[in-house]
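Student: Predicted model and sequence below, questions to follow.
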Amino acid sequence: MMRFRSLPFASLAVFYHLLAFLLVGTLSLGQAKPRARDLGVPFDGNPGTNNAITDVKGVEVGHTTLISGSGKLKVGEGPVRTGVTAIHPRGKNANDSVFGGWFTLNGNGEMTGTTWLEDSGFLNGPIMITNTHSVGVVRDAVIAWKVKHGGPDMEGYWWSLPVVAETWDGYLNDINGFHVKPEDGFHALDVAHGGPVEEGNVGGGTGMICNEFKGGIGTSSRVLDAKAGGYTVGVLVQCNYGRRDQLRIAGVPVGKEIPEHPAYGQDVGSIIIVVATDAPLIPTQLKRLARKASLGLGRNGSYSGDGSGDIFVAFSTANPGAASPKGVRDLKMLPNDRIDPLFLATVQATEEAIVNAMVAAETMTGIDGHTAIALPHDRLREVLKKYNRLEK
């Protein structure tokens, strides 16, 4: 995608909205790139309609993708391979906090706003994901966007502690050129939508690498059966972690079977995992849910290396109005002894979301000719077939 910052901001916004409409329309017509299940990768569990975090009613996702330039790195000029991803828990027009919880498996990374999330149990506003050196500008953009698009919070205050997370894209992107601008955060927030979610080299995942293949944004969901409450769990990842020789897909050592053209030879990246559900969970339970994403990550071979920032956040869209300062709030809570199906769904959806990110991603060349190759679909099918794990 080209950059159009030379356009007046109003014209830029119109263009971005039109582009988002066209992208969503294309996805809706079934013309999207294949996903992991389409290639015959076997997964457990029952996905939702879109097999995406947006299967949790009300959740919207938007991206700004910035790609420009090629050749030798010139700090401040490019090449640029970066972006921003926004997740609205109740949609862009809502001003109602959700219960949330977070967990860090390995702390070589950043997620702002988590101190208050931990203390209050509430997530107020969107979750944003970008590159490591753009956390500040995106955080400030969220505050400005909220001031512009709505009134004070439910308690009557004009203040915000946005949740903004990051992974490092400096292998492909001019990360010290600070190419993400406030309007890019605005755009991701404004064009967020429900339905199918764009994956791979988009948004915050544009310049990311996963298991030394091209990585990026991936998503998946699970719907529980009626006996377990019929609740939905959705996961979105920005994956930028892992060593090639550790990658496993559907239990198969895919990384060892496809060793060609590794990127680094070590685990120096990170992964951000966002878990959404409509099940009535309180913050302590959501923190437990966030922890379970670790097991989905482990299914794909991660050992959460020292250089990896593996940070997860979970929220529930149940209990609307719980943050209202007036009166006594009547809440619903799922008993702990009924939460196991949600734990399993989180593990399954996390595992699949990561593979979906790699399957959707395309080979990308960035600064100084650095190249991250895409996971080759034909080779993946061959390896799965070799181990009798190809589903079709």
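Tutor: Thanks, I have the structure now. Treat the numbers as computed from the prediction; the structure is a model and nothing was measured. Residues are numbered from 1 along each chain as shown.
Student: Pass me the low-pLDDT residue ranges in the stretch 1-150 of the chain, would you?
Tutor: In the predicted model, the stretch 1-150 of the chain carries pLDDT under 70 at residues 1-32.
Student: At which residues are the helices of it located?
Tutor: Along the stretch 1-150 of the chain, counting by DSSP state H, counting those that start in this stretch, helices occupy 9-28, 114-120, 135-149.
Student: what does the shortest one contact?
Tutor: By Cβ atoms under 8 Å, 6 or more residues apart in numbering, the surrounding residues in contact with helix 114-120 are 100-102, 123, 161, 163, 313. To be clear about C-beta, it is placed using only N, CA and C from the backbone, and glycine gets the same treatment.
Student: Beta-bridge partners for residue 63, please?
Tutor: residue 85 (DSSP bridges).
Student: burial count for it?
Tutor: 26 (other Cβ atoms under 10 Å).
Student: Backbone torsions only: list them for the nearest residue to residue 282 once chain neighbours are set aside.
Tutor: Among residues not flanking residue 282 along the chain, residue 333 sits closest, at 5.3 Å (Cβ to Cβ, 6 or more residues apart in numbering). Backbone torsions for residue 333, taken as degrees, to the nearest 10, come to phi -140, psi 130.
Student: OK, contacts around residue 333?
Tutor: Applying Cβ under 8 Å, 6+ apart, the residues near residue 333 are 280-282, 285.
Student: Same check on residue 301?
Tutor: 211, 242, 246-248, 255.
Student: Out of those, list just those in helices.
Tutor: residue 255 (DSSP state H).
Student: Look up phi and psi at residue 71.
Tutor: The phi/psi pair for residue 71 (degrees, to the nearest 10) is phi 90, psi -150.
Student: Burial check on it, number of neighbours?
Tutor: 13.
Student: What ranges does the stretch 201-350 of the chain have for its helices?
Tutor: 254-257, 283-299, 340-360.
Student: Could you measure from the closest residue in space to residue 343 that isn't next to it in sequence over to residue 107?
Tutor: Among residues not flanking residue 343 along the chain, residue 292 sits closest, at 4.7 Å (Cβ to Cβ, 6+ apart). Distance, residue 292 to residue 107, by Cβ to Cβ, to the nearest Å: 18 Å.
Student: Between those two, tell me which one has more neighbours.
Tutor: residue 292 (22 against 11).
Student: The residue nearest to residue 343 reaches residue 346, doesn't it?
Tutor: Yes. Counting by Cβ atoms under 8 Å, residue 292 does reach residue 346; the two are 4.5 Å apart.
Student: Touching, residue 51 and residue 218? I think so.
Tutor: No. Counting by Cβ under 8 Å, residue 51 does not reach residue 218; the two are 10.4 Å apart.
Student: which neighbours do the two share?
Tutor: With Cβ under 8 Å, 6+ apart, residue 51 and residue 218 have common neighbours 352, 356.
Student: Those two: who's more crowded?
Tutor: residue 218 (29 against 25).
Student: Could you measure from that one over to residue 53?
Tutor: Residue 218 is 10 Å from residue 53, by Cβ to Cβ.
Student: shared neighbours, those two?
Tutor: residue 236.
Student: Give me the residue at the spatial middle of the chain.
Tutor: In the chain, the centroid-proximal residue (Cα atoms, centre = their mean) is residue 237; its distance is 3.3 Å.
Student: mind listing what that one touches?
Tutor: With Cβ under 8 Å, 6+ apart, residue 237 has these contacts: 217-219, 271-274, 350, 353-354, 357.
Student: Recalculate using a threshold of 7 Å.
Tutor: Contacts for residue 237 (Cβ atoms under 7 Å, 6 or more residues apart in numbering) come out as 218, 271-273, 350, 353-354, 357.
Student: Of those, which is the nearest to residue 146?
Tutor: Taking Cβ to Cβ as the measure, residue 146 lies nearest residue 272 of those, at 21.0 Å.
Student: Does that closest one touch residue 167 like I think?
Tutor: Yes. Shown here, residue 272 and residue 167 form a contact pair, counting by Cβ atoms under 7 Å, at 6.2 Å.
Student: what touches both of the two?
Tutor: residue 238.
Student: Mind pulling up the pLDDT for the residue nearest to residue 282?
Tutor: Listed pLDDT for residue 333 reads 97.
Student: same deal with the one 4 residues further on?
Tutor: Taken from the predicted model, the pLDDT recorded for residue 337 is 97.
Student: Count residues in the vicinity of it, would you?
Tutor: 6.
Student: Return the distance of it relative to residue 293.
Tutor: For residue 337, the distance to residue 293 - Cβ to Cβ - is 21 Å.
Student: same check, this time on residue 81
Tutor: 26 Å.
Student: What score does the nearest residue to residue 336 once chain neighbours are set aside have for pLDDT?
Tutor: Nearest residue to residue 336 in three dimensions, chain neighbours excluded: residue 285, at 7.1 Å (Cβ to Cβ, 6+ apart). pLDDT recorded at residue 285 is 98.
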